[in-house]
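Engineer: sequence plus the predicted model coming up.
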Amino acid sequence: MRKIDPVEIQKRLDRITELFSGMVREADAKSLTRCPYRDRHDDCTAAIRCRNQRPPRENSKLQQCGHDGALDYRSAWESNPDLHGRAKERIARVKDEAAARRGNGRPKAPER
């Protein structure tokens with residue numbers, strides 16, 4: 001069995017590190033603009049609705065991703081603003097009720 005040369009091993013590790021560092025830098029840059037649900041065929045694999053979804057191609061059941069990489073894709077995800085508003089109102093109501101029980105009630109938020 002050949003003897004392992006530590007200097008040669010370090011050279012190889014440095015080369016591998018150099019190769020992977022470039023890949024990681026590229027992946028980090030892409031992650032800022034590429035939707036994580038877009039696959040290599042530009043199909044949308046998300047289980048959520050998105051305003052960037054396009055009708056599927058003939059041979060696919062998946063929606064197409066219409067995102068072109070020029071915008072922050074995270075704003076495309078649909079949400080229900082009514083649910084958000086109701087949750088915020090309920091949180092405020094619970095805080096008011098808890099403060100009143102403690103005896104240091106804070107002013108109540110106006111009813112909407």
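Structural biologist: Ah, there it is.

Engineer: hey, which helix is longest across this structure?
Structural biologist: Counting by DSSP state H, the longest helix found in the chain is helix 6-31.

Engineer: that one: what's the following helix or strand?
Structural biologist: Once helix 6-31 ends, the next helix or strand along the chain (criterion: DSSP states H and E) is strand 53-54.

Engineer: run through who's touching that following strand.
Structural biologist: Contact with strand 53-54 is made by C44, A46, Q63, Q64, C65, G66, as judged by C-beta atoms under 8 Å, 6 or more residues apart in numbering. For glycine as for every other residue, the C-beta is placed from the backbone atoms N, C-alpha and C.

Engineer: ok, of these, which one's closest to E97?
Structural biologist: Of all these, E97 sits closest to A46, with 38.3 Å by C-beta to C-beta.

Engineer: make JSON lines out of the contacts of strand 53-54 and add distance to E18 and neighbour count.
Structural biologist: Output for the contacts of strand 53-54, formatted as JSON lines (distance: C-beta to C-beta, whole Å; neighbours: other C-beta atoms under 10 Å):
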{"residue": "C44", "distance to E18": "35", "neighbour count": "22"}
{"residue": "A46", "distance to E18": "35", "neighbour count": "18"}
{"residue": "Q63", "distance to E18": "39", "neighbour count": "19"}
{"residue": "Q64", "distance to E18": "36", "neighbour count": "17"}
{"residue": "C65", "distance to E18": "32", "neighbour count": "23"}
{"residue": "G66", "distance to E18": "36", "neighbour count": "16"}
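
Engineer: is it possible to get JSON lines of those that adds pLDDT?
Structural biologist: Formatted as JSON lines, these follow (pLDDT from 0 to 100):
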{"residue": "C44", "pLDDT": "91"}
{"residue": "A46", "pLDDT": "87"}
{"residue": "Q63", "pLDDT": "90"}
{"residue": "Q64", "pLDDT": "91"}
{"residue": "C65", "pLDDT": "88"}
{"residue": "G66", "pLDDT": "85"}
